[in-house]
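Student: A predicted structure for the sequence below; I have some questions about it.
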Amino acid sequence: MTKVKVDNKEFEFDPNKNLLINLKENGFNIPHLCYQEGLHPEARCRLCVVEIDKKLITSCSHYPKEGMEIKTKTKKVKRARKVNAELLMPEHMDKCFRENKHHDLCNIISDLGLKKVRFNPKKKYKVDLGAAVIRDDNLCINCGRCVQVCSDIQATYAIDFAGRAHHEHVTPYYEKDLPEMYCTKCGQCIAACPVGAISEREHLKEVLKVLKDKNKHVIVQTAPSIRASLGEEFGMPPGTLVTGKMVAALRKCGFDKVFDTNLGADMTIMEEASEFLERAKKGGPFPMITTCCPAWIKFMEHFHHELIKGKNMSSCKSPHEMLGNLIKNYYAPNNKIKKKDIIVVSIMPCTAKKFESTRPELASDVNYVLTNREAALLIKHFNIDFVNLPDENFDPALGISTGAGAVFGATGGVMEAALRTAYELGTGKQLTKIEFDQIRGMESIKEGSMIVNGIEIKFAVANGLSNAEKLLKIKDRYHFIEIMACPGGCINGGGQPLPYSKNKVQARMNAIYEEDARLPLRKSHENPVVQKIYKDCLGKPLSKKAHKCLHTHYYKRKL
Amino acid sequence: MQDIILLNELRKVQDKEGYVSEKSARKINKKTGIPLSRIYAAATFYAKIHTEPQGKYVIEVCNSPSCYLNGSLNLIKYLVRKLKIKSGQTTKDKKFSLHISSCIGCCDEAPAMLLNDKPYTKLTKEKIDEILKKCK
């Protein structure tokens, strides 16, 4: 511990953490924009300045030293912060003042008491309208968080700074638009952006339009991780499970049926576990890699298409696409509804799912994808008092799910659920302990092994695409690999409530495992609806019809 | 290390082709494994590396303090009017490209400019007219 003086009071600071974190932990409110937990400090925004020895320094890029005298409230500091914020503002334009948005920058500006823009905005960039991610460079303040997230955490390198001095701006290579290049649409840049210059493509208007249309049968399905984070948008503490309230609210919004993507997850597990067992019988090809994450799929199609040739990728669709297909090909004929009258809306923690739903090979089984944030906007649009709603249950036709489906929301979940089912289907015996603790938690790469029928099966889990990159280098050691593009899994997806914080993600993860422990059924093959679907419609896992409905294929994509 | 390799590659392409096209950036990407966005970032950072095709004659007028004090800004304005292009652009007939440059080391004979990397010093409007006339 290092002894320092802050505003003439003595404090003990941790020398391994930078001044900004130390000050924040000790109750000082230092404004900052370009620094984010887990990223390298760039010291670009210059709002976190403090005074040391009559000099202004950025607290994010300096570490405490013995006997340091730090001043945070002097006139000099306040003036510097104000001017620095003003210099950022023209680039952010006064748009946010008009729209009354609450980005980090806007909050800081109001805290500093600034009310109007003294300088004229200079930038005039065209807005990049993608199918999933929208980038408006006119709002950008060049803090560089998105660039760092894209390169260091996601290893995609889709965007970088181009130009120099006042020409500097964030862009894909050769000023291309995001849709025509190798962006994975994971949306981590959206979570990192403190000013809303990158945002998801909203589909709220379209959904509101179909909700009004009386001829359409509008069905909504909700992803496993939504129930652990939707409450945050309504002021509830992170990690509150709001499954019942969410269903009630969506019903009030006017959706005809509320189904559970967890059921789709159970179907995915049935197919994936069966596929794995079949590979085990045939002796390969190993490792088999999960395909539930659309951002990982797009990453793979661009950078690791050798996995398609090597047949390492499982051919299963992602859970919401499976459920979307079942709604149109199983639920619709059973209830005598015309396929064209059914609209499927998925609420996902993910922006890549927006892109996935536009893939031609998936035949628009899911019509619209809303992010968690959009879902909250939708509920707010109908003036629903979310916090005080009574709990309701999913519609039972496709709404009963197991704990195995619930854990999909966290990293390691797909693997855990698949192992539960693979063991029991493979051996015919009951698992004694169904929690796989070795693949739970936030570590970047986790591994474990299990003995099935006398054979040791090695499995590994990676979250964050840079970790996936590392894991793929040693992939031959394993039989089964799960990869999730976002660090922490879907609970930290690009469509989750903002702003990002590590504690929030941990709280959501705990909630997911709590949901798993709470449910009476915890293995996918025990799900009565899954059994019924196979009996009535698909036959058995990996049958011809199951292949037609629940499996897909991948393309090699250019860089 | 990667940065040194990248700069070397960029300079090679710049010398050979006059600018770094998307095609050549892809070639560098294939050869070195450096991401395309990084290549573009480096190429746009350096004034001497261009990402768009340049004219036959590349004019770089120095605008650092010595030249500035000796009226380089007037010369730049004169060139902008004469060639009908802004700084950083190329004429329609692909003959001239105009850039504003940092110090080129000719402070003693300011104002100065480079024409295809050859320095011309103690410039006046008349002298510029003469130099441009010789460019065919």
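Tutor: Nice, thanks for sending it over.
Student: Need phi/psi at the residue of chain A found nearest chain B.
Tutor: Nearest residue of chain A to chain B: residue A:157, at 3.3 Å (CB to the nearest CB). Yep, even glycine has a C-beta here, placed from its N, CA and C like the rest. Dihedral pair for residue A:157: phi 60, psi 40, per degrees, to the nearest 10.
Student: One more: residue A:3?
Tutor: Taking degrees, to the nearest 10 as the convention, residue A:3 sits at phi -90, psi 130.
Student: hang on, residue A:233 is in a helix, isn't it?
Tutor: Yes: under DSSP: H, G, I helix; E, B strand; the rest coil, residue A:233 falls within a helix.
Student: Number of residues surrounding it?
Tutor: By the measure other CB atoms under 10 Å in any protein chain shown, the count of residues near residue A:233 is 19.
Student: Please tell me how far the closest residue to it other than its chain neighbours sits from residue A:126.
Tutor: Distance criterion CB to CB, 6 or more residues apart in numbering or on different chains; nearest residue to residue A:233, sequence neighbours excluded, is residue A:376 at 3.5 Å. Taking CB to CB, to the nearest Å as the measure, residue A:376 falls 29 Å from residue A:126.
Student: more crowded one of the two?
Tutor: The residue with more neighbours, out of residue A:376 and residue A:126, is residue A:376; 22 against 11, by other CB under 10 Å.
Student: Find me the pLDDT at residue A:198, would you?
Tutor: At residue A:198, the model reports a pLDDT of 88.
Student: Contact distance from chain B - what residues of the stretch 201-350 of chain A qualify?
Tutor: If contacts are counted using CB under 8 Å from any CB of the partner chain, no residue of the stretch 201-350 of chain A sits beside chain B.
Student: What segments of the stretch 201-350 of chain A are strands?
Tutor: For the stretch 201-350 of chain A, applying DSSP state E, counting those that start in this stretch gives strands covering A:217-222, A:257-260, A:288-289, A:342-348.
Student: Quick check: closest non-adjacent residue to the residue in chain B that chain A sits nearest to.
Tutor: With CB to the nearest CB as the measure, residue B:35 is the residue of chain B nearest to chain A, at 3.3 Å. In this structure, residue B:35 finds its nearest non-sequential neighbour in residue A:157, 3.3 Å apart by CB to CB, 6+ apart.
Student: can you pull the contacts of that neighbour?
Tutor: Contacts for residue A:157 were tallied using CB atoms under 8 Å, 6 or more residues apart in numbering or on different chains; they are A:150, A:151, B:35, B:36, B:37, B:38.
Student: Okay, now the unreliable bits of chain B?
Tutor: Within chain B, no range satisfies pLDDT under 70.
Student: Quick check: longest helix in it by residues?
Tutor: In chain B, with assignment by DSSP state H, the single longest helix is helix B:2-17.
Student: Which element is encountered next along the chain beyond it?
Tutor: helix B:22-32 (DSSP states H and E).
Student: touching chain A at all, that following helix?
Tutor: Yes: contact of helix B:22-32 with chain A (CB under 8 Å from any CB) involves B:22, B:25, B:26, B:29.
Student: Of the residues you listed - the most surrounded one?
Tutor: Greatest neighbour count in the residues of helix B:22-32 next to chain A, by other CB under 10 Å, goes to residue B:25: 24 neighbours.
Student: from what I can see residue A:74 touches residue A:51, true?
Tutor: Yes: counting by CB atoms under 8 Å, residue A:51 is a contact partner of residue A:74 at 5.2 Å.
Student: The two: which has the busier surroundings?
Tutor: A count of neighbours by other CB under 10 Å puts residue A:51 above the other of residue A:74 and residue A:51, at 18 against 14.
Student: show me what contacts the more buried one?
Tutor: Residues near residue A:51 by CB under 8 Å, 6+ apart: A:57, A:70, A:71, A:72, A:74, A:76, A:77.
Student: mind checking which helix or strand the first one is in?
Tutor: It refers to residue A:57. Mapping residue A:57 onto the secondary structure by DSSP H and E places it in strand A:55-58.
Student: The last one now?
Tutor: Assessed by DSSP H and E, residue A:77 sits inside helix A:75-92.
Student: Grab the CA positions of that helix and hand them over as CSV.
Tutor: The C-alpha trace of helix A:75-92 is given here as CSV (Å, rounded to 0.1, in the frame of the first residue of the first chain):
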residue,chain,number,x,y,z
LYS,A,75,-9.8,25.9,-9.8
LYS,A,76,-7.2,24.8,-12.3
VAL,A,77,-8.5,21.3,-12.4
LYS,A,78,-12.1,22.4,-12.7
ARG,A,79,-11.3,24.8,-15.5
ALA,A,80,-9.3,22.3,-17.4
ARG,A,81,-12.1,19.7,-17.2
LYS,A,82,-14.6,22.1,-18.4
VAL,A,83,-12.6,23.2,-21.4
ASN,A,84,-11.7,19.7,-22.2
ALA,A,85,-15.3,18.6,-22.1
GLU,A,86,-16.3,21.6,-24.3
LEU,A,87,-13.6,20.6,-26.8
LEU,A,88,-15.2,17.1,-27.0
MET,A,89,-18.7,18.5,-27.3
PRO,A,90,-18.7,20.0,-30.8
GLU,A,91,-17.7,16.6,-32.1
HIS,A,92,-20.5,15.1,-30.2
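Student: chain center to that helix: distance?
Tutor: With CA atoms, centre = their mean, to the nearest Å as the basis, helix A:75-92 stands 33 Å off its chain's centre.
Student: Mind giving me the packing neighbours of it?
Tutor: strand A:49-52, strand A:55-58, helix A:104-112 (3 or more CB pairs under 8 Å, 6 or more residues apart in numbering or on different chains; DSSP states H and E).
Student: anything in the helix or strand just after the last one sitting right up against chain B?
Tutor: Past helix A:104-112, heading to the C-terminal end, the next element that is a helix or strand (DSSP H and E) is strand A:128-129. No: shown here: strand A:128-129 not in contact with chain B (CB under 8 Å from any CB), separated by at least 14.0 Å.
Student: Can you name the next helix or strand after strand A:128-129?
Tutor: Next element after strand A:128-129 (DSSP H and E): strand A:133-135.
Student: Report the rounded mean pLDDT for that following strand.
Tutor: Strand A:133-135 comes out at a mean pLDDT of 88.
Student: same deal with stretch A:507-520?
Tutor: For stretch A:507-520, the mean per-residue pLDDT is 89.
Student: Tell me the buried residues in it?
Tutor: The neighbour-count check on stretch A:507-520 (16 or more other CB atoms under 10 Å in any protein chain shown) flags A:507, A:508, A:509, A:511, A:512, A:513, A:515, A:516 as buried.
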